[in-house]
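Undergrad: Pasting the sequence and the predicted model now:
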Amino acid sequence: MSLAKKGANHDQKTKEAISAANGTVVYLYALESSTIHFCFIEKFTSLRKLGKFLGTSHSNVSRYLKSGAILTRNGISYKISLTELDT
């Protein structure tokens, strides 16, 4: 990094582009109990953003992603995936 850029503040669009380039894209699905299928919720550009959305740490999100286990928050069961699921 050049000295001229050191300490520079990025706008929100630039921060999102950096996050998308450096982060791990993850998909969040919710379990529909009536049909026992997963419903797509949102695509996140990083584990940190997903953790913030769910109110948990990125390391906890990573654990659930690696194990394939179902994460339950506020009575809702979530599935975290690196790929899009067939819903």
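TA: Happy to help now that I have it.
Undergrad: where along the protein do the strands fall?
TA: All strands of the chain, identified by DSSP state E, fall at 26-32, 37-44, 71-73, 76-81.
Undergrad: List the buried residues of stretch 46-57.
TA: Of the residues in stretch 46-57, those buried by neighbour count under the rule 16 or more other CB atoms under 10 Å are 46-51, 54. (Glycine included, C-beta is placed from N, CA and C.)
Undergrad: So which of those residues belong to helices?
TA: 47-51, 54 (DSSP state H).
Undergrad: ok, back up a step: reformat the strands of the chain as a markdown table; add mean neighbour count, distance to Q12 and mean pLDDT.
TA: Converted to a markdown table, those look like this (neighbours: other CB atoms under 10 Å; distance: least, CB to CB, whole Å; pLDDT from 0 to 100):
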| stretch | mean neighbour count | distance to Q12 | mean pLDDT |
| --- | --- | --- | --- |
| strand 26-32 | 18 | 20 | 93 |
| strand 37-44 | 15 | 16 | 92 |
| strand 71-73 | 14 | 26 | 90 |
| strand 76-81 | 17 | 25 | 92 |
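Undergrad: Need those in TSV (columns: distance to S19).
TA: Output for the strands of the chain, formatted as TSV (distance: least, CB to CB, whole Å):
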stretch	distance to S19
strand 26-32	12
strand 37-44	9
strand 71-73	21
strand 76-81	17
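Undergrad: Can I get the helix-or-strand element of the chain with minimal mean pLDDT in PDB, CA atoms only?
TA: Every helix and strand of the chain was ranked by mean pLDDT, DSSP states H and E. The lowest is helix 12-22, at a mean of 80. Once non-C-alpha atoms are left out, helix 12-22 reads as follows in PDB (Å, rounded to 0.1, in the frame of the first residue of the first chain):
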ATOM      1  CA  GLN A  12     -19.700   1.900   1.200                       C
ATOM      2  CA  LYS A  13     -19.700   0.700  -2.400                       C
ATOM      3  CA  THR A  14     -15.900   0.200  -2.300                       C
ATOM      4  CA  LYS A  15     -16.100  -1.700   1.100                       C
ATOM      5  CA  GLU A  16     -18.700  -4.100  -0.400                       C
ATOM      6  CA  ALA A  17     -16.600  -4.700  -3.400                       C
ATOM      7  CA  ILE A  18     -13.500  -5.500  -1.200                       C
ATOM      8  CA  SER A  19     -15.700  -7.800   0.900                       C
ATOM      9  CA  ALA A  20     -17.000  -9.600  -2.100                       C
ATOM     10  CA  ALA A  21     -13.500 -10.100  -3.500                       C
ATOM     11  CA  ASN A  22     -11.900 -11.300  -0.200                       C
END
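Undergrad: Many thanks, we can stop here.
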